[in-house]
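J.: 3D, please:
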Amino acid sequence: MESTKKSWADIVKAVSGPYQLLGLFLLVVEGLLGYWLHKADSGFERGFAGVLMTLVLLGVLYVVARPRQQQETALSIQPPDKKEATQAEVSAPPPDLIPGPDRSYLINRPPEDWTVAEITMSDWISAGIGVSDPATKKKLFPSQGQSPDILVIDRGKQTSIIPVPGQTTINGRKVPTALEVLAPTQLSVVPMDRYQAPFFVERSLEDGFLTVVGDILKMGATSATHIESGVLASNGRHYLASELQQKLQDAIVNGREHQDLIIAITVIGIRGELRDHLLVMKYTISQGDPELDRNFNTLSTLVASFRPVRPVNPKEEREKITTLAEENFKSFLAEKGEELLTNELGFLLLRLQGVDLEDSDTRSRIIKCLQPFESLANVIGSDDAELASFWDALHVAEKGDATAFKSKLNELIQTVAKQGEEEEETQPETPSLPPAPTAAD
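T.: So this is what the prediction gives:
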């Protein structure tokens, strides 16, 4: 009996992973069912036991096979897994390497027929949605104060895709569109600051990654086919990655009819010491097109060559960044504080339209909702005389005399409501600039 216990203990100790656990489960369950099959008194009972044995076996095989099915949907372009570069390397890189605009990484120099540019975030966003007119760009995406810290490596040649209405399918649907789309082959390396406007709170890698992926998904018929999270073995950095695709069938591609094509965007986020990085790849996949295959291989090689730089004094640099974030937040309050107070208070006043100010319980709840706004006014240093008079009336109402408070509150509500009506009247009926179509949006 003691030897039997020891043998079972040895078996349990040998279970060190999910497959061993499945094997142990299969051994125990199939053994019990086999014993039942052997002791069965009737043909029905034996048949039932045999069916259960078969179902259990098939279920285990399905679970074991699932990781292989998931592996088939792996990223087309793998995350870079290189050792970190040194400050000396980024200060004097060899001719075949390019340092990032902010000197936080190194990457291979592309072939000569590819272009390299350093652009601002505003330029990158406007190019992504197809806005090229300088005046429109300045109006929609002002770049004042931005540094050109985004590296864009582009093939130069774009793939022309013309859908044929009633014939071309996009992700299985015959979408009613006939507009030509130009799909680029491009790699963008986008640095992401931890402290971002407007409130300059520290944000995670997940924040920036999901924001970019979400913006891509909501702009068109693009589907996420893969998402993963992990740690790079060579440098221990956390990463996130996702691939998004548009699958087109029976379209006109570069003048050739009845072509199938995949427009893909792969986004890889890599955690950094001081700033995180997004690697955004745009490319097309088509069987039997050697040029697209060469472009894809070049893109994959560029991504694989990405090497982040570890700063010499990361703690000191992080302290500088934190101090700068505090200064930026103070500047934001000084510049936008009044607007923030006006907007939030105005929203509350609109919600208070039609309330019964004669009811003491209702009035008490309203006073409690308004009290924090006086604190907000003090925090931002508001010098609005009308609001100061309103706070005085609120204090008197707290002591029991609500006459002035009710009068001033009604005046504020009417003023805000009238402003809202005037804004609606001046609102244009149609957008002044329709969204521009882009490849895989």
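
J.: May I ask you to name the longest helix in this protein?
T.: Ranked by residue count and defined by DSSP state H, the top helix of the chain is helix 314-351.

J.: Counting by contacts, list what it packs against.
T.: Counting contacts by 3 or more C-beta pairs under 8 Å, 6 or more residues apart in numbering; DSSP states H and E, helix 314-351 is packed against strand 195-196, helix 360-380, helix 403-426. (Each C-beta comes from the backbone N, C-alpha and C, glycine too.)

J.: I'd say residue 119 and residue 148 touch.
T.: Yes: the criterion here is C-beta atoms under 8 Å, and residue 119 meets it with residue 148 at 5.4 Å.

J.: ok, which stretches of the stretch 1-150 of the chain are helices?
T.: Assigned by DSSP state H, counting those that start in this stretch, the helices in the stretch 1-150 of the chain fall at 2-14, 18-39, 43-71, 87-91, 121-128, 134-140.

J.: per-residue confidence averaged over the shortest one?
T.: Spelled out, it's helix 87-91. For helix 87-91, mean pLDDT rounds to 88.

J.: Restrict that helix to CA atoms and write it as PDB.
T.: The C-alpha trace of helix 87-91 is given here as PDB (Å, rounded to 0.1, in the frame of the first residue of the first chain):
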ATOM      1  CA  GLN A  87      25.300  55.400 -26.100                       C
ATOM      2  CA  ALA A  88      28.600  55.200 -28.000                       C
ATOM      3  CA  GLU A  89      26.900  53.300 -30.900                       C
ATOM      4  CA  VAL A  90      24.100  55.800 -31.200                       C
ATOM      5  CA  SER A  91      26.500  58.800 -31.000                       C
END
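
J.: Tell me which other helices or strands that helix touches.
T.: strand 105-108.

J.: can you list contacts of the strand it packs on?
T.: Strand 105-108 is contacted by residues 85, 89-90, 93, 96-100, 151, 153, 189, 277, 301-302, 305-309 when judged by C-beta atoms under 8 Å, 6 or more residues apart in numbering.

J.: what residue ranges in the stretch 201-350 of the chain score low on pLDDT?
T.: Across the stretch 201-350 of the chain, nothing is flagged by pLDDT under 70.

J.: Now tabulate the helices and strands packed on helix 314-351 in JSON lines and tack on mean neighbour count.
T.: Shown next, in JSON lines, are the helices and strands packed on helix 314-351 (neighbours: other C-beta atoms under 10 Å):
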{"stretch": "strand 195-196", "mean neighbour count": "16"}
{"stretch": "helix 360-380", "mean neighbour count": "14"}
{"stretch": "helix 403-426", "mean neighbour count": "13"}
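
J.: From what I see, residue 117 and residue 152 are in contact.
T.: Yes: here residue 117 reaches residue 152: they are 4.8 Å apart, a contact under C-beta under 8 Å.

J.: Give me the buried positions along the longest helix of the chain.
T.: For helix 314-351, the buried set under the neighbour-count rule, 16 or more other C-beta atoms under 10 Å, comprises 325, 328, 329, 333, 337, 338, 341, 345, 346, 348, 349.

J.: With stretch 242-253 instead?
T.: 242, 243, 244, 245, 246, 247, 248, 249, 251, 252, 253.

J.: before we move on, what about stretch 92-106?
T.: Buried, per 16+ other C-beta under 10 Å, within stretch 92-106: 93, 98, 99, 100, 101, 102, 104, 105, 106.

J.: Which two of those residues have the greatest separation?
T.: The largest separation in the buried residues of stretch 92-106, counting by C-beta to C-beta, is between 93 and 102 at 14.0 Å.

J.: mind listing what the closest residue to residue 272 other than its chain neighbours touches?
T.: Nearest residue to residue 272 in three dimensions, chain neighbours excluded: residue 308, at 5.7 Å (C-beta to C-beta, 6 or more residues apart in numbering). Counting by C-beta under 8 Å, 6+ apart, residue 308 touches 84, 85, 104, 105, 235, 237, 270, 272, 273, 277.
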